[in-house]
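Chemist: how would this look folded up:
(chains A and B)
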Amino acid sequence: METNTFFDAWLETQKQLTNNWTESNSKLQDSVKNGAAMNDGLNIYKEWLAKQSEITKAATEKATTTFQSQMAENAEAFKNGKTPVNVSEIYNNWLNTQREQMNKAMGNFPSFSNPFTANNFFTANNPFTANNPFATNPMTQFTDFQNQWMNNTQNWMNQPNQFSQPWANSFQNWGKGLTNDTVKDTWGNMTNISAAYVKFYEMWAPMFKNMQNNTFNSEWMKKGFNLDSFKELMDRTMTQVAPVQTKELFQQFQSMSEVASNYNKHMFQQFSSSVPENLKTLTPFLLFGNDSNNANSAFAVYQRSVSPLLRLFYPGKESELNESMTGMMEKISIYGQKLAELQQAMYTTGAKTWETFLFENAEELKKGKDLSDIQEVFQNWVNKNEASMIELFKTDAFSKIQAEILDLSLDIRQRSEKVAETLLQPLPIMLRSEADELYTTIYELRKRISQLEKQEGIESSSDSKEAKSSKKKAATV
Amino acid sequence: MANENPFKEMTETTKKLVSGYDNLVHVDKVEIATTPKELVFKVDKIKLFRYVRETPAKFKTPVIVSYALVNRFEMMDIQPDRSFIKNLLDLGLDIYMIDWGYPTRADKDVTMDDYVNWFLNDIVDFVRKNNDVESVNLMGVCQGGTLSLIYSALHPKKIKNLITLVTPVDFATNDGLLFRWAKDMNFDRIVDTHGTVPGEFLNSGFSQLKPMMNVNKYKSMVDIMQDKDKLMNFLRMEKWINDSPDQSGECYRQFMKDLYQQNKLAKGELELGGQKVNLKNVTMPLLNIYASEDHLVPPAATIPLNELVGTKDKQLYKFPGGHIGVFVGSRSQKELAPAVSKWLKDRD
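Modeler: As a prediction, this is how the structure comes out:
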């Protein structure tokens, strides 16, 4: 039976993912014991991510195909007056098994699952500021044990944190008093960078103190590396690196869905009561959501955005809509993987630059260089960070993945617009594709009129008036 | 010492922000491009302005300036003491400026052929007629330079002298990140999805070329905002840089695919309106100006032009600075306009 095949595939995938997790956790815990977490951790993460991507890619392809046929069957069953396949029970069994496996695998290291749980996809328009369910900061993997160490041994280091955020917020609030748009935007950008500067200071100060005390060394640096502060520093300084405007895309799509929904809410009630449940249990997003209580946020967003559409299935359009929506889901999942890879590359580059920067400064200090001018030190870091990022941007790998992410985001947008048009078709409004056709016709007419005017030696009334005025002016000079 | 008081830096920064904020609150308007000009011609949605002269022009041949379709021409007249246009006017030139406008989705089908053989051609014809001259001087900036170059190759008799400023011609280079990244982009998808390509999208790509540029820029603002004049200079640039028109999809598609990806212009393979664009037809005098530190249009994309054209009267002018510094930098105010003016005077 197709359903069994589908869930068998899912279960197999989950086992593979769990094995990969367990293996990575084990390596990471060994690294922590050996005091090499900072160096090894990034490699472990990279390796883990590569495997995860490989597994999920294969699974997504298979799952999507199966999901499509499952949905088509359900649609067909509904049309013929039969009850759609109820997969809830199978799903629940599968989920429980998965949960047990997960608890076993995670052991004392639950934070390792953070990137794939409970975040808000709507804010995922920037890999650095994003709470993207896929593309969370790779280094948050290690934040928990780092923070614990920091709290126990170096509480004073976090003191500036306690007021730096209110400080930044208060200045950002001042922007509300500015009326000119240019001024307001400029103020917002400037206070953001000022806050980044303060964040830099928070990270630099304890390192510098240890350099002065001759207690700075590799071990200290690894333990004292505050990942939260580092992430915020990167987030604030790299805000313009945003491969796609995902937030706008999904909000727009949701809004269109709601418009359609309001017009059609009483239609196909029987279908609407069964299909969303089926969708909930079959979505490939669950590949990424291993915490059933929180539910995968991307999936939740998908539900908010897309499930209203399912209530609006039109006779004869089910397959088309299914195809568009499952295609979107597949693309979104791949998009998430690629975004995670891109983000990983950038954070890793930033972290390595930070490490090099610290050791170089420690050496300079030993040689007697005065490092007390924090602005100079900050500028030095800015220059180094920019240079290393540009080196990364120059690589073929970066160029390719960036292009791929952009292409995927646009593909998703095209698909979402297609779905929206299908849903809005019965309404007395002009659709975008219809407007585009009209624009093309108007453009052709504009061009044709211009050609005819030239052939006939006619000047348009506005042009000739302006030309005469200009002639007059020209004559006076 | 900085580390002895962990709050010292924050206190200093706070003081600067507080005093600077007072200046910001009193800013009502941020004005750019204030040199007087009048609208003299329109073709479709494209406008042609002519700068007002207080005294008769010292040159017989007028200059038409063709800025890029990305961003706005106002940068060439950002403020009175940093205005390439005002400097040229002061030196006696008669200047027309093309305003390519703000394409909307209704303009998605406008092609590169339209820009060159319809809009630019009508503008050139208008100025020839209006000034009663056989040919005009054409000055193209960045992408507007590429369009001017193509036009000059297709209509060489109408152009007396050609000036290209920071103009990309040889796209085979990977020196600039844009040139590298463009090789991997799916431009059909970009155009098919957007119709008219958003300026915001283009701007985000430019920002990424110098990923810490905003840090440097806004960090410097903290230090200068107590000085009203410097603050206004800063805000004028901010206003200009955030004003990014969208681009007509079909023109963008051909520009990116034929030029950035396939380098057809330099190879002599570009076709426009059924005609092949042969750079050997550029037989009028050429002044090719490039910026040595240009990260948007690297010298490697600009310099080869002089080897590709047919004219023997050609000059390569190296300006030390970046893509925008050519127009707004203090050195430019003293050097560039006089150099251009002299070159044109010798060929008027």
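Chemist: once you drop chain neighbours, what's closest to residue B:260?
Modeler: residue B:182 (3.9 Å; C-beta to C-beta, 6 or more residues apart in numbering or on different chains). Heads up, the C-betas are built off the backbone N, CA and C, glycines and all.
Chemist: mind listing what the one you found touches?
Modeler: B:171, B:256, B:260-261 (C-beta atoms under 8 Å, 6 or more residues apart in numbering or on different chains).
Chemist: narrow those residues to those in strands?
Modeler: In strands, defined here by DSSP state E, there are no members of those.
Chemist: still on that earlier bit, how much space separates the residue nearest to residue B:260 from residue B:176?
Modeler: From residue B:182 across to residue B:176, the span is 9 Å (C-beta to C-beta, to the nearest Å).
Chemist: please apply the same query to residue B:215.
Modeler: For residue B:215, the distance to residue B:176 (C-beta to C-beta) stands at 21 Å.
Chemist: who has more neighbours out of these two?
Modeler: Shown here are residue B:215 and residue B:176; by other C-beta atoms under 10 Å in any protein chain shown, residue B:215 has more neighbours (25 against 21).
Chemist: what ranges in the chain fall below the confidence cut-off?
Modeler: Answering for chain A, as no chain was given. A:1-177, A:222-224, A:227, A:239-323, A:325-326, A:329, A:336, A:459-477 (pLDDT under 70).
Chemist: hmm, I had chain B in mind actually
Modeler: Low-confidence segments of chain B, defined by pLDDT under 70: B:1-11.
Chemist: do a quick rundown of the strands in it.
Modeler: Under DSSP E, chain B gives strands at B:37-43, B:46-51, B:63-66, B:77-79, B:82-83, B:95-99, B:136-141, B:159-165, B:271-272, B:275-276, B:286-291, B:314-319.
Chemist: tell me which of those approaches residue B:187 most closely.
Modeler: The closest of the strands of chain B to residue B:187 is strand B:271-272. By C-beta to C-beta, the value is 17.3 Å.
Chemist: residues touching that closest one, excluding its own?
Modeler: Among residues not part of strand B:271-272, those counted as contacts by C-beta under 8 Å, 6+ apart are B:112-113, B:116-117, B:150, B:154, B:264, B:277.
Chemist: just flag the most distant two among those.
Modeler: Spatial extent of the contacts of strand B:271-272 (C-beta to C-beta) is set by the pair B:117 and B:264 at 16.7 Å.
Chemist: show me what the lengthiest helix in chain A is packed against.
Modeler: Identified as the longest helix of chain A according to DSSP state H is helix A:318-366. Where contact means 3 or more C-beta pairs under 8 Å, 6 or more residues apart in numbering or on different chains; DSSP states H and E, helix A:318-366 is packed against helix A:37-79, helix A:181-212, helix A:218-224, helix A:227-237, helix A:297-310, helix A:374-394, helix A:396-424.
Chemist: now do the same contact list for the closest residue to chain A within the stretch 51-200 of chain B.
Modeler: Of all residues in the stretch 51-200 of chain B, residue B:184 sits closest to chain A, at 3.8 Å by C-beta to the nearest C-beta. Residue B:184 is in contact with A:399-400, A:402-403, counting by C-beta under 8 Å, 6+ apart.
Chemist: run a quick neighbour tally on residue B:316.
Modeler: Neighbour tally, residue B:316, other C-beta under 10 Å: 15.
Chemist: how far away is it from residue B:98?
Modeler: Here residue B:316 is placed at a distance of 25 Å from residue B:98 (C-beta to C-beta).
Chemist: list the buried residues in stretch B:46-65.
Modeler: Residues of stretch B:46-65 classed as buried: B:46-51, B:53, B:57, B:59, B:61-65 (neighbour count, 16 or more other C-beta atoms under 10 Å in any protein chain shown).
Chemist: against chain B, how distant is residue A:375?
Modeler: The gap separating residue A:375 from chain B is 8 Å, by C-beta to the nearest C-beta, to the nearest Å.
Chemist: could I get the strands of chain B as JSON lines with distance to residue A:201?
Modeler: Formatted as JSON lines, those follow (distance: least, C-beta to C-beta, whole Å):
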{"stretch": "strand B:37-43", "distance to residue A:201": "48"}
{"stretch": "strand B:46-51", "distance to residue A:201": "49"}
{"stretch": "strand B:63-66", "distance to residue A:201": "46"}
{"stretch": "strand B:77-79", "distance to residue A:201": "34"}
{"stretch": "strand B:82-83", "distance to residue A:201": "34"}
{"stretch": "strand B:95-99", "distance to residue A:201": "46"}
{"stretch": "strand B:136-141", "distance to residue A:201": "41"}
{"stretch": "strand B:159-165", "distance to residue A:201": "42"}
{"stretch": "strand B:271-272", "distance to residue A:201": "56"}
{"stretch": "strand B:275-276", "distance to residue A:201": "60"}
{"stretch": "strand B:286-291", "distance to residue A:201": "35"}
{"stretch": "strand B:314-319", "distance to residue A:201": "38"}
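Chemist: give me the phi and psi for residue B:173.
Modeler: phi -70, psi 150 (degrees, to the nearest 10).
Chemist: for it, list the residues it contacts.
Modeler: Contacts of residue B:173 (C-beta under 8 Å, 6+ apart): B:179, B:298, B:300-301.
Chemist: contacts only, for the nearest residue to it once chain neighbours are set aside.
Modeler: The shortest distance from residue B:173 to any non-neighbouring residue, by C-beta to C-beta, 6+ apart, is to residue B:300 (4.0 Å). Counting by C-beta under 8 Å, 6+ apart, residue B:300 touches B:170, B:173, B:175.
Chemist: thought residue B:267 was touching the first one, still the case?
Modeler: No. Residue B:170 sits out of contact with residue B:267 when judged by C-beta atoms under 8 Å, with a separation of 9.4 Å.
Chemist: neighbour count: those two, which is higher?
Modeler: residue B:170 (20 against 14).
Chemist: next one: that one from residue B:149, what distance?
Modeler: Remark: distance between residue B:170 and residue B:149 (C-beta to C-beta) = 12 Å.
Chemist: scan chain B for its longest helix.
Modeler: Assignment by DSSP H gives helix B:8-25 as the longest helix of chain B.
Chemist: what helices or strands is that helix leaning on?
Modeler: Applying 3+ C-beta pairs under 8 Å, 6+ apart, one finds that helix B:8-25 contacts helix A:159-174, helix A:181-212, helix B:213-224, helix B:228-241.
Chemist: which of the contacts of strand B:271-272 sits closest to residue A:352?
Modeler: residue B:264 (40.2 Å).
Chemist: number of residues surrounding that closest one?
Modeler: Per other C-beta under 10 Å, the neighbour tally for residue B:264 reads 17.
Chemist: contacts only, for it.
Modeler: Shown in contact with residue B:264 (C-beta under 8 Å, 6+ apart): B:258, B:270-271.
Chemist: swap in residue B:202?
Modeler: Per C-beta under 8 Å, 6+ apart, neighbours of residue B:202: B:70, B:244, B:247.
Chemist: same thing but at 6 Å, please
Modeler: Going by C-beta atoms under 6 Å, 6 or more residues apart in numbering or on different chains, residue B:202 touches residue B:70.
Chemist: for it, give its distance to residue B:215.
Modeler: From residue B:202 to residue B:215 the distance is 21 Å (C-beta to C-beta).
Chemist: now do residue A:330
Modeler: Counting by C-beta to C-beta, the gap from residue A:330 to residue B:215 is 38 Å.
Chemist: likewise for residue A:187?
Modeler: 16 Å.
Chemist: kindly report the same for residue B:203.
Modeler: Residue B:203 sits 17 Å away from residue B:215, going by C-beta to C-beta.
Chemist: can you list contacts of stretch B:80-87?
Modeler: Under the contact criterion C-beta under 6 Å, 6+ apart, stretch B:80-87 has outside partners B:35, B:76-77, B:327-328, B:337.
Chemist: count of residues packed around the closest residue to residue B:273 other than its chain neighbours?
Modeler: Nearest-residue entry for residue B:273: residue B:113, 4.3 Å, with adjacent residues in sequence omitted and distances by C-beta to C-beta, 6+ apart. Residues lying near residue B:113 (other C-beta under 10 Å) number 18.
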